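> Sharing a sequence plus its predicted fold:
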Amino acid sequence: PALVVDFGAQYAQLIARRVREAGVYSEIVPHTATAAEIAAKNPVALLLSGGPSSVYEEGAPKLDPEVFELGVPTLGICYGFQYMAQTLGGEVANTGLREYGATDAYIPENGSSLLAGQPVAQNVWMSHGDQVARAPEGFEVLATTDATKVAAFANEERKLYGVQWHPEVKHSDHGQAILENFLHRSAGLAADWNSDNVIAEQIERIRAQVGDARVISALSGGVDSAVSTALVHKAIGDQLTAVFVDHGLLRKGEREQVERDYVASTGVRLITVDAADTFLGHLAGVTDPETKRKIIGREFIRAFEKVQRDLVDEAKASGEKVKFLVQGTLYPDVVESGGGAGTANIKSHHNVGGLPDDLDFALIEPLRTLFKDEVREIGRELGIPEAIVGRQPFPGPGLGIRIIGEVTRERLDVLREADAIAREELSAAGMDQAIWQCPVVLLADVRSVGVQGDGRTYGHPIVLRPVSSEDAMTADWTRLPYDVLAKISNRITNEVSEVNRVVLDVTSKPPATIEWE
Ligand code: XMP
């Protein structure tokens, strides 16, 4: 792989994604990895990320200097660039001249593989206080800005390169082209990482891991579990059983999507557990959000354990419980949890409703190295319907945490209708890309007066919560066009008789969370 050395910025993941977009498989390693550890991964290129520190500060993140002796083509970015400069005998200083944001870079004629042929003047994205005051010996300066004498350099012979700016952000006009130059020209790598290869490679891996054992998979209807299940099915066919728990808190059409469209497109053997009565029975009278979540999580596990008991591993003469479980863990989860080494047990995972640590399974995680957009791509490749692959995030506890107040069948029906209308109109207006998700919430314990036809009504409000977000950690409310909001409001109040008012949530996260409970 191409390895991205993480110096502690949020940029490492972005760099890794851009490298993959250039058709080269990438992984992230911490800057504490030794040269030997890095070499053991057989890197074809190294990219050193930016970071928040000054290279000469005490405690600034370091990298084993032997890394520069490995003979692997290396590109330093921002902090990585300065670190390379300092380590190889150049000079880094704080000149008092800072650059933040859009900056003009000047790239005179040069013969480097990194910047040759690049526009002489270009807009680059900067974010630095320190700068490289002198390039190390043997390095050619490739670019300058008004404030920075050494904004990029190269040692073509040693295949060492650096840029002060951030080519991985879209605000750098030719950023991707520069990363591609580094990968394809400087490092001579072919652009051969694509979803076909991922699928083929994963299939081989899964077969080797599983042998003839049986495997189960919890389908939630979400993207990650849908794609990981389909991949495993492609590898081992009917050794896999997918389990879908209908807890009665699903959105309109969701069960049909899984039972009909998903099964038709993948051929997966599916067990649906009809558990709505059980779930709703336990939720009766409960209004506290955390209690609701706990009940839903607990009942989910019970349903799942029952399936695990009922299914036996036919490959074992003893007919033991099934030992393998498919999990839709993605690369950001792996990186964020300290990354790399495979964890033996299941962490409580949103997507499958919170399976606990002590469920005794060996995990199959075919999406462990992938980003969300790559997962969607693979899902499409595997023929999973767009309605599932393109889905917005939906919480495991489902509509149960979108009814403020007690969850009942009647209230679920009301919310389900309102939610279906909102989703339909948002899609029709082409808003699906603009929003991250749009929870629709029923304020079941609130009533307000309305007038409809000739009569007074006393109904419930529905809240629309459209949000824009990168990762759900922070979010802003989406400025939807008024006419789209008007259409949704009209339809909901006309078609859902218990609702006589639609309101818009205009709060960012923080301070509010995306969901209401
Ligand atoms: P909050 O409400 O915490 O939500 O801002 C952040 C994101 O997580 C989703 N969410 C969940 N997803 N199980 C899930 O699978 C859950 O229990 C859960 N709670 C919140 C929420 O929809 C949003 O995308």
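Nice, I can see it.

> rest of the way, CA atoms for contacts and neighbours
Noted.

> Look through this structure and tell me its longest helix.
Longest helix of the chain, by residue count under DSSP state H: helix 289-310.

> Can you name every helix or strand that the following helix or strand past it contacts?
Next helix or strand after helix 289-310 toward the C-terminus (DSSP states H and E): strand 324-326. For strand 324-326, the elements it packs on are strand 215-219, helix 223-236, strand 362-364, judged by 3 or more C-alpha pairs under 8 Å, 6 or more residues apart in numbering; DSSP states H and E.

> let's see 7 Å
Packed against strand 324-326 by the contact rule (3 or more C-alpha pairs under 7 Å, 6 or more residues apart in numbering; DSSP states H and E) you find strand 215-219, strand 362-364.

> In terms of mean pLDDT, which of those ranks lowest?
Least confidently modelled of the helices and strands packed on strand 324-326 is strand 362-364, at a mean of 90 by mean pLDDT.

> Show me what that one pairs with in its sheet, parallel or antiparallel.
strand 324-326 (parallel) (DSSP bridges).

> So what's the model's average confidence on the partner strand?
Strand 324-326 comes out at a mean pLDDT of 92.

> burial count for the residue nearest to Val503 when sequence neighbours are not counted?
Nearest in space to Val503, with sequence neighbours left out and distances taken as C-alpha to C-alpha, 6 or more residues apart in numbering, is Val463 at 4.9 Å. Neighbourhood size, Val463 [other C-alpha atoms under 10 Å]: 21.

> Do any residues in whichever strand or helix holds Val463 lie close to the ligand?
Val463 is part of strand 455-464 when elements are defined by DSSP H and E. No: using C-alpha under 6 Å from any ligand atom, strand 455-464 stays clear of the ligand, with a minimum separation of 13.4 Å.

> Quickly run through the sheet partners of that strand, with directions.
Here, using DSSP bridges, strand 455-464 pairs with strand 440-443 (antiparallel), strand 448-452 (antiparallel), strand 499-504 (parallel).

> now those in CSV, with mean pLDDT?
Shown next, in CSV, are those (pLDDT from 0 to 100):
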stretch, mean pLDDT
strand 440-443, 98
strand 448-452, 94
strand 499-504, 98
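
> closest one to Tyr331 among those strands?
strand 440-443 (29.2 Å; C-alpha to C-alpha).

> what about that closest one, near the ligand?
No: using C-alpha under 6 Å from any ligand atom, strand 440-443 never reaches the ligand; the gap is at least 10.8 Å.

> Below-threshold pLDDT in the chain: ranges please.
9-10, 336-358 (pLDDT under 70).

> quick one: the residue most central in space within it from Ile378, how far?
In the chain, the centroid-proximal residue (C-alpha atoms, centre = their mean) is Lys372; its distance is 4.3 Å. Lys372 sits 10 Å away from Ile378, going by C-alpha to C-alpha, to the nearest Å.

> Those residues of the stretch 351-500 of the chain touching the ligand, which are they?
351, 393-397, 472.

> Farthest-apart pair in those, please.
The widest separation within these (C-alpha to C-alpha) is 16.5 Å, between Pro397 and Ala472.

> is the longest helix of the chain anywhere near the ligand?
No: Helix 289-310 lies out of reach of the ligand by C-alpha under 6 Å from any ligand atom, never closer than 6.9 Å.

> how about stretch 177-191: buried residues?
177-184, 186-187, 189, 191 (16 or more other C-alpha atoms under 10 Å).

> Show me these that map onto helices.
Those of the buried residues of stretch 177-191 lying in helices (DSSP H): 177-180.

> circling back to that earlier point, from the strands paired with strand 455-464, which stretch is densest packed?
Sort these by mean neighbour count, taking mean count of other C-alpha atoms under 10 Å, and strand 440-443 sits at the top with a mean of 26.

> centre of the chain versus that one, how much separation?
From the chain centre to the centre of strand 440-443 is a distance of 26 Å (C-alpha atoms, centre = their mean, to the nearest Å).

> ok, back up a step: next, the residue nearest to the centre of the chain: phi, psi?
Lys372 adopts backbone torsions of phi -50, psi -50, taken as degrees, to the nearest 10.

> rewinding a little: turn the buried residues of stretch 177-191 into a markdown table, columns for distance to the ligand.
As requested, those are arranged in a markdown table below (distance: C-alpha to the nearest ligand atom, whole Å):
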| residue | distance to the ligand |
| --- | --- |
| Ala177 | 33 |
| Ile178 | 34 |
| Leu179 | 32 |
| Glu180 | 33 |
| Asn181 | 36 |
| Phe182 | 36 |
| Leu183 | 35 |
| His184 | 37 |
| Ser186 | 40 |
| Ala187 | 39 |
| Leu189 | 37 |
| Ala191 | 33 |
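
> Restricting to C-alpha, output stretch 301-320 in CSV.
The C-alpha coordinates for stretch 301-320 follow below in CSV (Å, rounded to 0.1, in the frame of the first residue of the first chain):
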residue,chain,number,x,y,z
ILE,A,301,-29.8,-9.1,21.5
ARG,A,302,-32.4,-11.6,22.7
ALA,A,303,-33.8,-12.0,19.3
PHE,A,304,-30.4,-12.4,17.9
GLU,A,305,-29.3,-15.0,20.5
LYS,A,306,-32.4,-17.0,19.8
VAL,A,307,-31.5,-17.2,16.1
GLN,A,308,-27.9,-18.1,17.0
ARG,A,309,-29.2,-21.0,19.1
ASP,A,310,-31.7,-22.2,16.5
LEU,A,311,-29.2,-22.2,13.7
VAL,A,312,-26.4,-24.8,14.1
ASP,A,313,-23.2,-25.2,12.3
GLU,A,314,-24.0,-28.1,10.0
ALA,A,315,-20.3,-28.5,9.0
LYS,A,316,-19.6,-29.6,12.6
ALA,A,317,-20.7,-33.1,13.4
SER,A,318,-21.7,-31.9,16.9
GLY,A,319,-24.0,-29.3,15.4
GLU,A,320,-22.5,-26.4,17.4
